[in-house]
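Colleague: how does the following fold in three dimensions:
(one chain, ligands or ions: 1)
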Amino acid sequence: MAKKLHYFHLNGLAESIRYILHYGGQKFEDVRYDLKSWPIKSVKDTLPYGQLPLYEEGNKTLNQSLAIARYVAAQVHLLPTDPWEQAVLDAIVFNIYDFWGKILVFIKENDAAKKEVIKKEIINESVDFFFSRFEKELKTNKGFFNGKLSWADFVLVGIVESANLFLGTEIEKKYPTVLALVQKIRTLPGVKEYIATRKPYAL
Ligand SMILES: N[C@@H](CCC(=O)N[C@@H](CS)C(=O)NCC(=O)O)C(=O)O
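Modeller: As a prediction, the model looks like this:
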């Protein structure tokens with residue numbers, strides 16, 4: 001069945017999905033829109049909630065990045081079968097998205113001075129709040145959130161890379177286990193080749 005992922009030419013909320021698909025050796029059409037031309041009315045009007053990413057499989061469509069990531073992960077054995085383990089990973093990805101919420105506040109602020117204040121707050125407080133916890137979870141679970149590679153690991157790496165693009169930092173550098181996970185995911189078969197051919201992202 002034909003698979004398509006629609007998103008901007010940006011890591012944002014779709015890179016973890018792209019990584020999972022590439023790691024799983026899934027063939028898909030990676031449809032990208034130029035952020036600078038957005039909104040493209042003819043596309044936006046067709047989106048169920050007016051937003052990207054959108055995933056298509058045959059004649060079915062799915063929105064919400066985490067629902068998509070979880071679904072494609074299940075197809076390539078990156079979702080545990082045990083309901084408790086699934087729920088623990090769901091909680092983790094929501095925690096990761098709570099951190100992303102802080103980045104969104106930064107992205108949405110247009111005033112340069114206020115933006116700088118928000119950036120400082122994120123770097124000095126939010127990063128440590130969330131990443132000290134992610135670090136602890138990973139450290140006690142053999143470097144992965146669930147003791148072995150799962151979709152939550154991909155979601156973290158996708159968000160780290162997106163946050164770095166927007167903030168112009170490397171937020172993971174003070175957290176050795178997070179850093180190791182980022183490096184592990186980037187060198188996975190499929191992901192490594194994708195990264196090597198990916199066009200650079202710019203804002
Ligand atoms: N909760 C949604 C958020 C989707 C979202 O905010 N998409 C943004 C890009 S990251 C978007 O489509 N922005 C363009 C618009 O709203 O027109 C998800 O996780 O997929």
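Colleague: list the buried residues for the one helix or strand W84 maps to?
Modeller: Assigned by DSSP states H and E, W84 belongs to helix 83-108. Of the residues in helix 83-108, 86, 88-89, 92-93, 95-96, 99-100, 102-103, 106 count as buried by neighbour count, 16 or more other C-beta atoms under 10 Å. Backbone N, C-alpha and C define where each C-beta goes, glycine included.
Colleague: what is the nearest of those residues to F145?
Modeller: Closest approach between the buried residues of helix 83-108 and F145, by C-beta to C-beta: I92, at 5.1 Å.
Colleague: can you pull the contacts of the closest residue to that closest one other than its chain neighbours?
Modeller: In this structure, I92 finds its nearest non-sequential neighbour in A152, 4.6 Å apart by C-beta to C-beta, 6 or more residues apart in numbering. Contacts for A152 (C-beta atoms under 8 Å, 6 or more residues apart in numbering) come out as 89, 92-93, 96, 145-146.
Colleague: what secondary structure does K27 sit in?
Modeller: coil (DSSP: H, G, I helix; E, B strand; the rest coil).
Colleague: can you pull the contacts of it?
Modeller: So K27 contacts K3 (C-beta under 8 Å, 6+ apart).
Colleague: pLDDT at A112, what is it?
Modeller: The score at A112 is 97. That number is its pLDDT.
Colleague: can you count the residues close to it?
Modeller: 7 (other C-beta atoms under 10 Å).
Colleague: and for Q75?
Modeller: 14.
Colleague: equivalent analysis for Y194, please.
Modeller: Quick note: Y194 (other C-beta under 10 Å) scores 17 neighbours.
Colleague: do K184 as well
Modeller: Neighbours of K184 using other C-beta under 10 Å come to 15.
Colleague: go ahead and confirm it touches G143.
Modeller: Yes. With contact defined as C-beta atoms under 8 Å, K184 counts as touching G143 (7.2 Å).
Colleague: what sits against the residue nearest to the spatial centre of the chain?
Modeller: The centroid of the chain falls nearest to G158 when counting by C-alpha atoms, centre = their mean (3.1 Å). By C-beta under 8 Å, 6+ apart, the residues touching G158 are 11, 13-17, 19.
Colleague: that's a helix at it, yeah?
Modeller: Yes. Residue state for G158 (three-state DSSP) corresponds to a helix.
Colleague: and the gap between it and L179?
Modeller: Note on G158: its distance to L179, by C-beta to C-beta, to the nearest Å, is 15 Å.
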